[in-house]
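Peer 1: give me a 3D structure for the following:
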Amino acid sequence: MLQINPDNPQPRLISQIAEQLRRGAVICYPTDTVYGIGCDIFNQKAVKRIYQIKQRQKDKPFSFMCESLKNVSTYCHISNTAYRLMRKHLPGPYTFVLPTMKIVPKIMTTKQKTVGIRVPDNNICRMLVEILGNPILTTSAGRKEDVEPIYDPYDIEDMLKGCVDIFIDGGSVYPEPSSVVDLTKDQPEIIRVGKGDVSQFD
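Peer 2: Next up is the predicted model:
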């Protein structure tokens, strides 16, 4: 368990975690919506570990998080409409579904070549991605998809002991899922209403 200041993350600790991610670590970390489990999206072995932890089918790929909208454009095709909408709402509690670039590993994409991306309003997340240099897989901390997210990092550590290599204590996060908006077509489609206000996407 590493305690990291959520407002001013300690660069030394973030760098240590980024190095472990490069080596294939699976981590548990706070976001602006829930505590999440993640790894470097380019480490296929670590990605497969998370599929096992979540007991998830391979045809249901995970989302990943970037550190900025500019960073997203390296991995996804963004239309002018999508860019304007995302610029207004990121960083924030949203998952946007976008068409992927070839750089994204196949294990991270749907059959339709789309992916969910996040830019959380959380300094720990964004600094981790920035220092790692790659997006980080993101999914709620839990052993199954239908398990209610937990807000206390120590309860999460108890639940995931033996499954996760590093736990980041960034304080309590009241669990509320991100809003999911599909931006692959001309008109935005709201997939899930969560923490983020979706009124501008109707």
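Peer 1: rest of the way, CA atoms for contacts and neighbours
Peer 2: Fine.
Peer 1: tell me the mean pLDDT over stretch 52-61?
Peer 2: In this model, stretch 52-61 has a mean pLDDT of 90.
Peer 1: tell me the buried residues in that stretch?
Peer 2: Under the neighbour-count criterion of 16 or more other C-alpha atoms under 10 Å, stretch 52-61 has 53-54, 56, 61 buried.
Peer 1: out of the residues you listed, which are inside helices?
Peer 2: Cross-referencing these with the helices (criterion: DSSP state H) gives 53-54 as the overlap.
Peer 1: let me have the buried residues of stretch 52-61 in TSV, adding distance to Asp32 as columns.
Peer 2: Putting the buried residues of stretch 52-61 into TSV (distance: C-alpha to C-alpha, whole Å) gives the following:
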residue	distance to Asp32
Ile53	22
Lys54	20
Arg56	23
Pro61	21
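Peer 1: list the buried residues in stretch 65-80.
Peer 2: Taking 16+ other C-alpha under 10 Å as the neighbour-count basis, stretch 65-80 is seen to contain the buried residues 65-69, 71-72, 75-79.
Peer 1: pull the helix or strand with minimum mean pLDDT from the protein.
Peer 2: Least confident helix or strand, the chain: helix 153-160 with a mean of 83, by mean pLDDT, DSSP states H and E.
Peer 1: isn't Leu132 up against Gln20?
Peer 2: No. Applying C-alpha atoms under 8 Å as the test, Leu132 and Gln20 come out as separate, 9.6 Å apart.
Peer 1: could you count how many residues lie near Pro105?
Peer 2: Close neighbours of Pro105, defined as other C-alpha atoms under 10 Å, add up to 13.
Peer 1: which sections of the protein are below the confidence cut-off?
Peer 2: Under the criterion of pLDDT under 70, the regions of the chain flagged as low confidence span 143-150.
Peer 1: which stretches of it form helices?
Peer 2: Per DSSP H, the chain carries helices over the ranges 11-22, 44-54, 69-72, 80-89, 123-132, 153-160.
Peer 1: which of those helices sits most buried?
Peer 2: helix 123-132 (a mean of 21; mean count of other C-alpha atoms under 10 Å).
Peer 1: thinking again about what came up before, need the buried residues of stretch 65-80 in a markdown table (columns: distance to Lys102).
Peer 2: Written out in a markdown table, the entries for those read as follows (distance: C-alpha to C-alpha, whole Å):
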| residue | distance to Lys102 |
| --- | --- |
| Met65 | 17 |
| Cys66 | 16 |
| Glu67 | 19 |
| Ser68 | 19 |
| Leu69 | 18 |
| Asn71 | 15 |
| Val72 | 13 |
| Tyr75 | 8 |
| Cys76 | 9 |
| His77 | 10 |
| Ile78 | 14 |
| Ser79 | 17 |
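Peer 1: mind checking the helices of the chain for the one nearest to Met108?
Peer 2: In terms of C-alpha to C-alpha, the element of those nearest to Met108 is helix 44-54, at 8.5 Å.
Peer 1: specify the beta-bridge partners of Lys94.
Peer 2: Let me fix one detail, which is that residue 94 is Tyr and not Lys. Following DSSP bridges, Tyr94 is listed with bridge partners Ser179.
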